[in-house]
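**Q** sequence and predicted structure are below.
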Number of protein chains: 2
Amino acid sequence: MSRLEAGSHNEPMSYPTPVNRPATIADVARVAGVSVPTVSRVLTGAARVSEQRRRRVEAAIAELAYRPSAAAQVLASRHSKTIAIVAANTSRYGYAEAIRGVEESARAAGFVVIIVVVESERAEDVRAAADAVLRQSVAGVVVLKFDPPGVGALKALESVVPAVALSGIPEPGVPQAVLDESGAAAALTEHLLGLGHRTVHHVRIPPSGKEDGRTTGWRVALQRHGSPIPPIEDVSWEITTAYEVGVRLARDPAVTAIFCGNDETAMGVIRGIHDTGLRVPADISVAGFDDHPLASMFIPALTTARQDFAELGRHGTAQLLALLNGESPLALETLEPPIAIRESTAPPSGRRR
Amino acid sequence: MSRLEAGSHNEPMSYPTPVNRPATIADVARVAGVSVPTVSRVLTGAARVSEQRRRRVEAAIAELAYRPSAAAQVLASRHSKTIAIVAANTSRYGYAEAIRGVEESARAAGFVVIIVVVESERAEDVRAAADAVLRQSVAGVVVLKFDPPGVGALKALESVVPAVALSGIPEPGVPQAVLDESGAAAALTEHLLGLGHRTVHHVRIPPSGKEDGRTTGWRVALQRHGSPIPPIEDVSWEITTAYEVGVRLARDPAVTAIFCGNDETAMGVIRGIHDTGLRVPADISVAGFDDHPLASMFIPALTTARQDFAELGRHGTAQLLALLNGESPLALETLEPPIAIRESTAPPSGRRR
DNA sequence: GATGTCGATGATAGCGCTTTCAGGCAACTG
DNA sequence: CAGTTGCCTGAAAGCGCTATCATCGACATC
């Protein structure tokens, strides 16, 4: 540590070099007895350095516990090793899992992740998020395009910074990884229809745009079967709204099968049905979506579509990294969620119609 | 935009100023007809600028869609506006909620959040996380000290960078926000004992250290009542392990009440009990912990302790911000989780002993 | 009228790095 | 042995900002 003071001869003598100032590249160079650029070269591998000097530099780095400043590196090299995740939410199941997937892949590739929340789809919130991203000089962005704020953020960023979207609906444009929700939603609806239900009601979670893949798949399957299309029940992310919808639907004798936008909603709906005295699936069948970790523990275990959000995040990140490498990645990568038939769906009882 | 080229007279004429290069402070200064430091002054508010110039600068900023580079600001000012969240996991319920709380408060205070995952408690993983944090020149860190990796990361960082811990056990040392788990765990255990159970079994989730607050509270309550202390059942984060423990405990006729380390585990345990043909709470009572959003929707609804992780995150962040402001915050801030008695606990049936 | 005082401004010097660029040296040519 | 090569190396410049300092009027003071 005293060696850190070696270069301080022309500093005011009043106080010595602060002992805890983190070491800089100049400190390393001094200790190793080489020039600053040489240290930089061993750091970045930009050019060859003689074995002997490399060793001295590495020793000095270890001795000083030196860590290059990311900020300085970005400034000088104009290359950033951070990527931003832009999302409207960070803690709900699908979101959190997707973020986990992105973080894992990013870290594995030596990137650091910043997380930028878009509060709403209002222009000012979208702008605030975009500003935050752009000020950070990130290498690229992964946008969770699961909802209107996500859509807005993507629009604001796609032309300014390398971006990939994670989404539930394939769409031309930006590179994206998509979990094909509409196919799985249709399969689930058809499963219910195949059980003998005359139609399937739908409880919709806040959609990403005009209509999301889950709702579309449901509608398409009903149309294909010539089944009537009942009015959609909307819920918020607040699970009690699902509970209330469950209570309401249970009171309508025409309801025998319900397809819910996600598993949490399905659990709320089932609980609502349960509290009216009806049974799932004996009286009413309920299907969820996502295969939440608790879906198979719920009583009854949920019939649902298996969505691997973490995998989605990993794929998206891989695409972004490819993009940054100049490889032009497939603009679209689709994962097909398989469906899991469990206990919450069964043939209609006949007691209802 | 042509004004951007005003300063490029001595550049090679071969190609014009790249049109999409983001504007720098120098561009703003040129367009506004002021010096660079003046622009900096209106940006940071570090000194007064005449009304007239301030307007011109603001107009130029808007015209050029200028956003100061965070990296350059950090480098020049030695003050960072980013804080790091260090955590072993980002997507499990308590973790995700705590992260959400931190992010919200940080954003409200104008900070950007980077997320650093400590893979395990192994020295190399801890070091990797600490390195990542330190290279980013963050203003401070919030460490989720919920598990051994978190404990390790905190140890590695606390003396190097302003840090606060989020935890379940009050501990002297670093400033921290704590959810007093042991009190709530004891209350839950006492609730079960009060119902007439001879003792309470415990299913432990991966603990943060030797023993976490949930386990301690349980043990203390049993001791206080002079109840026998049954061997602890351990589960991993994988919910199927909880299921298996449920099956196993159901087969032991001595088991009439179970206190689980968290709600997900409780649901797995209940499902396991259910699949052996026994009923909760009729045959066995089960209590969870956390008040997961699904806890009240589960059938039976879970008796549990209400933990507000997001609030914990907000408190921790507030402490960190105070610390950064030089105000020395309370080194310890404790939130008391109240308990919620619901359907999954009841008096013993007498059919078991 | 000479002298301070003060607020607003710009010139200048870095922050900690990477990136030219030119030099030095050894190993090859012919 | 002069004339290339080619590889390492350090000097110097500069990334986009902020901090420090000197300057310059305008105004107040004696």
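**A** Yep, that arrived.
**Q** buried sites along the strand or helix carrying A:A71?
**A** A:A71 belongs to helix A:70-77 when elements are defined using DSSP states H and E. Going by neighbour count (16 or more other C-beta atoms under 10 Å in any protein chain shown), the buried part of helix A:70-77 is A:A70, A:A71, A:A72, A:Q73, A:V74, A:L75. To be clear about C-beta, it is placed using only N, CA and C from the backbone, and glycine gets the same treatment.
**Q** which residues touch the helix or strand hosting A:A29?
**A** Per DSSP H and E, A:A29 falls inside helix A:25-32. With C-beta atoms under 8 Å, 6 or more residues apart in numbering or on different chains as the test, helix A:25-32 has contacts from A:3-4, A:6-7, A:35-36, A:38-40, A:43, A:53, A:56-57, A:59-61, A:63-64, A:66, A:68.
**Q** check whether it contacts DNA strand C.
**A** Yes: remark: helix A:25-32 sits within contact range of DNA strand C at A:I25, A:A26, by C-beta under 7 Å from any atom of the strand.
**Q** pLDDT of the helix or strand following that helix, averaged?
**A** Following helix A:25-32 in sequence order, the next helix or strand is helix A:36-44 (DSSP H and E). For helix A:36-44, mean pLDDT rounds to 95.
**Q** what's helix A:36-44 packed up against?
**A** Counting contacts by 3 or more C-beta pairs under 8 Å, 6 or more residues apart in numbering or on different chains; DSSP states H and E, helix A:36-44 is packed against helix A:25-32, helix A:51-64.
**Q** what about stretch A:203-215, distance to the chain center?
**A** 17 Å (C-alpha atoms, centre = their mean, to the nearest Å).
**Q** which residues touch that stretch?
**A** So stretch A:203-215 is contacted by A:145-148, A:150-151, A:167-169, A:180-182, A:185, A:202, A:219, A:232-237, A:242, A:245, A:249, A:258-262, A:265-266, A:269, A:289 (C-beta under 8 Å, 6+ apart).
**Q** what's the span of that stretch, first residue to last?
**A** 9 Å (C-alpha to C-alpha, to the nearest Å).
**Q** give me the buried positions along stretch A:206-213.
**A** Buried residues in stretch A:206-213, counted by 16+ other C-beta under 10 Å: A:P207, A:S208, A:D212, A:G213.
**Q** can you tell me which of those is nearest DNA strand D?
**A** Of all the buried residues of stretch A:206-213, DNA strand D sits closest to A:S208, with 33.8 Å by C-beta to the nearest atom of the strand.
**Q** need phi/psi at that closest one.
**A** The phi/psi pair for A:S208 (degrees, to the nearest 10) reads phi -80, psi -20.
**Q** and stretch A:129-139, anywhere near chain B?
**A** Yes: remark: stretch A:129-139 sits within contact range of chain B at A:D131, A:A132, A:L134, A:R135, A:Q136, A:S137, by C-beta under 8 Å from any C-beta of the partner chain.
**Q** burial count for the last one?
**A** When neighbours are counted by other C-beta atoms under 10 Å in any protein chain shown, A:S137 registers 20.
**Q** what do you get for the third one?
**A** A:L134 has 20 neighbouring residues, counting by other C-beta under 10 Å.
**Q** now do it against B:V39, distance only.
**A** Using C-beta to C-beta, to the nearest Å, A:L134 is found at 18 Å from B:V39.
**Q** ditto for the first one
**A** Here the criterion is C-beta to C-beta. By it, A:D131 lies 17 Å from B:V39.
**Q** between these two, which has more neighbouring residues?
**A** Remark: of A:D131 and B:V39, B:V39 carries more neighbours, 29 against 14, as counted by other C-beta under 10 Å.
**Q** picking up where we left off before, which of the buried residues of helix A:70-77 sit farthest apart?
**A** Farthest pair in the buried residues of helix A:70-77 (C-beta to C-beta) is A:A70 and A:L75. Separation: 9.6 Å.
**Q** need the contact list for the residue of the stretch 201-350 of chain A found nearest DNA strand C.
**A** Per C-beta to the nearest atom of the strand, A:L324 is where the stretch 201-350 of chain A lies closest to DNA strand C, at 14.5 Å. Contacts of A:L324 were listed using C-beta under 8 Å, 6+ apart, and they are A:A139, A:G140, A:P162.
**Q** from those residues, which ones fall inside strands?
**A** The strands, defined by DSSP state E, take in A:G140 from these.
**Q** skipping adjacent residues, who's closest to A:L188 in space?
**A** Nearest residue to A:L188, sequence neighbours excluded (C-beta to C-beta, 6 or more residues apart in numbering or on different chains): A:A287, at 4.9 Å.
**Q** and the one you found, how close does it get to B:L75?
**A** Distance from A:A287 to B:L75, counting by C-beta to C-beta: 54 Å.
**Q** ok, back up a step: between the buried residues of stretch A:206-213, which is closest to A:V112?
**A** Comparing the buried residues of stretch A:206-213 against A:V112 with C-beta to C-beta picks out A:S208 as the nearest, at 27.9 Å.
**Q** quick check: that closest one vs A:P148, distance?
**A** A:S208 is 7 Å from A:P148, where distance means C-beta to C-beta.
**Q** and A:S69, by the same measure?
**A** 38 Å.
**Q** try A:N325
**A** As for A:N325, its distance to A:P148 is 31 Å (criterion: C-beta to C-beta).
**Q** quick one: the strands in chain A?
**A** Remark: strands assigned in chain A by DSSP E are A:82-87, A:112-117, A:140-144, A:163-167, A:176-179, A:201-204, A:233-234, A:257-260, A:285-287, A:304-305, A:332-335, A:339-340.
**Q** run the chain-centre distance for the second one.
**A** In this case it means strand A:112-117. In this view, strand A:112-117 has its centroid 11 Å away from the chain centroid, taken as C-alpha atoms, centre = their mean.
**Q** render the CA-only coordinates of that strand in PDB, please.
**A** The C-alpha trace of strand A:112-117 is given here as PDB (Å, rounded to 0.1, in the frame of the first residue of the first chain):
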ATOM      1  CA  VAL A 112     -24.000  -6.700 -16.100                       C
ATOM      2  CA  VAL A 113     -27.700  -6.100 -16.000                       C
ATOM      3  CA  ILE A 114     -29.500  -3.000 -15.100                       C
ATOM      4  CA  ILE A 115     -33.200  -3.100 -14.600                       C
ATOM      5  CA  VAL A 116     -35.500  -0.300 -15.800                       C
ATOM      6  CA  VAL A 117     -39.100  -0.300 -15.000                       C
END
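**Q** report the inter-axis angle for it versus strand B:82-87.
**A** Going by axes from the mean of the first three to the mean of the last three C-alpha atoms, to 10 degrees, strand A:112-117 is angled at 100 degrees with respect to strand B:82-87.
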